[in-house]
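Chemist: have a look at this prediction, sequence included:
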Amino acid sequence: MKQKPRKLVGKMVLATLMSVVLAACSSGAGGGEADVKTKGAMETYNVGDTFKATEPFNLSILYSDQPAYPYKKDWLLFQKITEMTGVTLEPTIVPMSDYPQKRSLLISSGDAPLVIPKTYPGEESAFVSSGAVLPVSDYIDLMPNFKDKVEKWGLEDELEGLRQEDGKYYVLPGLHEEVWPDYTLIVRTDLFEKNNIPIPTTWDELYQAAKKLKEIYPDSTPFSDRFKFNSTLNIAATGFGTKAGWGFGNGLTYKKDQDEFVYTATTPEYKEMLEYFNKLVTEGLLDKESFTQDDDQATQKFVSGKSFIINGNSQTLVLHRNDMNKTLGEGNFSIAKITVPGGPKGQLMSGSRLENGVMISSKIKDSDNFKAIMQFIDWLYYSDQGQEFAKWGVEGETFTKENGVRKLADDINYNGLNPKGTKDLRIDYGFSGGVFAYGGTTDLLQSMFSEEELKFQQDMKETKEVVPAEPPIPYSEIDREQVTLLSTPLKDYTDQNTLKFILGERKLSEFDTFVQELESQGLSQYVKLANDTYKKYKESKQQ
């Protein structure tokens with residue numbers, strides 16, 4: 001994977017900020033470590049140590065309940081956490097579909113548990129001004145594994161993007177050693193091979209391939225998508241030099257040559273992407289229902305042979321194969337993830353090495369177990385041992401390990417890794433779930449990959465250049481409220497018209513008019529606020 005050298009400035013900034021934090025801690029100012037209560041904490045706790053509370057305690061945690069592997073209080077996961085660490089977790093169970101809303105309500109009402117996982121970087125901003133969540137950057141000296149991985153993997157620049165106006169960050173993100181892609185297009189490779197159609201490496205080649213499939217199978221719509229097309233827009237946008245779908249974010253794109261942010265949906269690159277997908281829809285190559293249908297409807301079209309291209313990841317690939325063995329018959333088809341097609345700007349890949357992570361309620365300051373809780377979180381989420389435990393389970397019970405190679409127990413399956421297993425690592429034991437298992441070394445991440453998935457990762461690594469992270473925009477409390485008021489209607493209007501342009505319900509000749517309509521909704525004010533904040537942040541770093 002071609003990746004540009006990281007600048008030393010991130011490390012210098014982090015070191016400077018750390019010295020300020022440590023100075024505050026030593027003087028007792030700013031509520032640093034001088035105020036931390038130590039009941040249950042280990043006196044000596046370093047990288048490689050297993051956390052074990054000197055006095056057992058209970059810890060409240062918000063739990064996002066995934067319907068594919070619903071919560072069970074008697075999971076081995078919870079039993080072993082208590083046995084190994086002396087910490088008994090007390091989950092507040094929230095359905096995954098309601099998690100963001102319920103999390104906000106609990107935090108706003110002051111009823112949130114102390115540990116709040118499944119928080120994606122950026123989502124914590126809404127809770128900063130109220131003081132409801134802990135400025136965790138003040139306390140990372142209590143987290144040796146977190147600090148070690150940040151330094152060892154050169155993650156300082158990424159963490160800079162999390163800092164708020166006060167120079168602190170309020171979420172502990174999952175940390176990955178390398179960028180790892182997952183979502184891409186899944187295609188019917190048997191039909192490509194049968195009809196001598198090359199596997200596409202660019203979006204233009206995908207268009208040509210879909211066109212040939214349409215000619216050969218005129219009753220089909222070659223590409224019918226799921227995720228309301230948001231995943232495909234996300235992966236495609238990077239190659240077009242823009243952002244869209246799941247990756248649209250705050251709607252701003254940093255232009256390095258101008259050293260300023262612009263509104264993404266007003267750029268020529270965004271228009272070019274719209275033109276491309278509109279062409280696919282107009283020629284009957286892309287199913288119009290891709291933008292409105294449920295995932296199950298899209299899946300059914302693919303597994304029944306009515307469509308040949310769909311967006312997905314390593315897990316959905318396995319699910320599709322299982323379904324197609326029933327619908328088309330085992331041996332009568334072949335499917336695979338393909339390398340994400342390149343676009344007009346080249347073979348680019350966006351991505352961050354920061355994953356969803358943990359917020360901590362500021363109520364932890366009142367807990368006698370403050371230091372012990374920080375040590376526990378550091379061990380479970382950031383130590384090599386804790387990460388392996390959360391992902392693989394218990395050595396000798398759920399997996400074996402020989403010469404560094406992990407293998408599931410004979411009767412346990414996970415995502416098709418051991419298809420003969422009658423029990424599931426997630427459903428029956430609670431491991432490899434989204435509340436605890438994320439981040440880690442590339443070796444750990446890939447330890448559960450099939451040979452096929454490893455090849456996909458290698459192809460992406462060899463083919464793609466990672467787009468550099470954009471500079472942060474650390475809004476003040478007052479500005480953040482204004483930003484929310486402006487950005488929400490702008491994004492909603494962008495989403496509506498993106499759909500209209502692609503489906504042909506609005507002519508692309510009206511794109512300039514669309515931009516003017518955004519202007520009437522406060523676009524200039526929104527972009528100016530972002531750039532003023534960015535310039536202020538940049539000047540403060542140069543001082």
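Modeler: That came through fine. Residues are numbered from 1 along each chain as shown.

Chemist: show me the contacts for the nearest residue to residue 53 once chain neighbours are set aside.
Modeler: Nearest in space to residue 53, with sequence neighbours left out and distances taken as Cβ to Cβ, 6 or more residues apart in numbering, is residue 86 at 3.6 Å. C-beta: built from backbone N, CA, C; applies to glycine. Applying Cβ atoms under 8 Å, 6 or more residues apart in numbering, we find residue 86 in contact with 40, 52, 53, 54, 55, 56, 57.

Chemist: one more time with 7 Å
Modeler: 52, 53, 56 (Cβ atoms under 7 Å, 6 or more residues apart in numbering).

Chemist: buried ones among these?
Modeler: Buried residues within the contacts of residue 86, defined by neighbour count using 16 or more other Cβ atoms under 10 Å: 52, 53.

Chemist: of the contacts of residue 86, which is the nearest to residue 184?
Modeler: Proximity of the contacts of residue 86 to residue 184 (Cβ to Cβ) peaks at residue 52, which lies at 42.1 Å.

Chemist: and that closest one, what is it in contact with?
Modeler: Counted by Cβ under 7 Å, 6+ apart, residue 52 has contacts 42, 85, 86.

Chemist: need these in JSON lines with secondary structure, can you?
Modeler: Output for these, formatted as JSON lines (DSSP: H, G, I helix; E, B strand; the rest coil):
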{"residue": "42", "secondary structure": "coil"}
{"residue": "85", "secondary structure": "helix"}
{"residue": "86", "secondary structure": "coil"}
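
Chemist: rewinding a little: quick check: the residue nearest to residue 53 vs residue 52, distance?
Modeler: Separation of residue 86 from residue 52 (Cβ to Cβ, to the nearest Å): 6 Å.

Chemist: which element, helix or strand, includes residue 407?
Modeler: strand 405-408 (DSSP states H and E).

Chemist: now for residue 412: which residues touch it?
Modeler: 398, 418, 421, 423, 425.

Chemist: nearest residue to the second one in space, please, no chain neighbours.
Modeler: Using Cβ to Cβ, 6+ apart and skipping the chain neighbours, the partner closest in space to residue 418 is residue 408 (4.6 Å).

Chemist: show me what that neighbour is bridged to.
Modeler: Using DSSP bridges, the beta-bridge partners of residue 408 come out as residue 399.

Chemist: what's the neighbour count on it?
Modeler: 19 (other Cβ atoms under 10 Å).

Chemist: now do the helices in the stretch 201-350 of the chain.
Modeler: Under the criterion DSSP state H, counting those that start in this stretch, the stretch 201-350 of the chain contains helices at 203-216, 230-239, 268-282, 295-303, 314-324.

Chemist: for the closest residue to residue 242 other than its chain neighbours, which residues are in contact?
Modeler: Distances taken as Cβ to Cβ, 6+ apart put residue 269 closest to residue 242, at 4.1 Å, once the chain neighbours are dropped. Counting by Cβ under 7 Å, 6+ apart, residue 269 touches 240, 241, 242.

Chemist: possible to save these as TSV with neighbour count and pLDDT?
Modeler: Converted to TSV, the contacts of residue 269 look like this (neighbours: other Cβ atoms under 10 Å; pLDDT from 0 to 100):
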residue	neighbour count	pLDDT
240	25	98
241	19	97
242	24	98
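
Chemist: now, which of these sits nearest residue 327?
Modeler: Nearest to residue 327 among those, counting by Cβ to Cβ, is residue 240 at 34.3 Å.
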